[in-house]
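Student: Here's a sequence, model it:
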Amino acid sequence: MSKTVAEKIEDTPACCCVDVGSILDNSDTTATLTAECADENAANDVLAGWQSAANDIASEPVIVKHQIDSIEQGVQLTASLTFSCQAELLIFQLGQR
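Tutor: The predicted structure follows:
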């Protein structure tokens, strides 16, 4: 049976620190992003920006899946970017803020 995060933290031998592996366990490597854009060209520009940012971080190719749907105000872009590890995902997410 796998340990909970709290149990992993309690097992850390040093005082007042946490083992990175108890927080980043590679269980989440996919970012899902959405953007409302005026048209499909604008959505493709946004997607290209996300892909560029992801590729700048990634040590291995990022798997990108996307969908563009028509909405009343234009189009909605939904994309999922899957990284090879959770640390790269976290760096990407922090860069998007």
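
Student: burial of the closest residue to residue 45 other than its chain neighbours, as a residue count?
Tutor: Nearest non-adjacent residue to residue 45, counting by Cβ to Cβ, 6 or more residues apart in numbering: residue 37, 8.0 Å away. For every residue, glycine as well, the C-beta is placed using N, CA and C. The number of residues packed near residue 37 is 19, by other Cβ atoms under 10 Å.

Student: And residue 56, by the same measure?
Tutor: Around residue 56 there are 10 other residues, counting by other Cβ under 10 Å.

Student: ok, then the element right after the helix or strand hosting it?
Tutor: Residue 56 is located in helix 40-57, with elements delineated by DSSP states H and E. Once helix 40-57 ends, the next helix or strand along the chain (criterion: DSSP H and E) is strand 63-71.

Student: In the sheet, which strands lie alongside the helix or strand following that next one, parallel or antiparallel?
Tutor: Next in sequence after strand 63-71, counting helices and strands by DSSP H and E, comes strand 74-82. Using DSSP bridges, the strands paired with strand 74-82 are strand 30-37 (antiparallel), strand 63-71 (antiparallel).

Student: So what's the model's average confidence on the first one?
Tutor: Taken as a whole, strand 30-37 has an average pLDDT of 97.

Student: And what about the nearest residue to residue 85 once chain neighbours are set aside, helix, strand or coil?
Tutor: With sequence-adjacent residues excluded and distances taken as Cβ to Cβ, 6+ apart, residue 85 is closest to residue 26, at 5.7 Å. When classified by DSSP: H, G, I helix; E, B strand; the rest coil, residue 26 comes out as coil.
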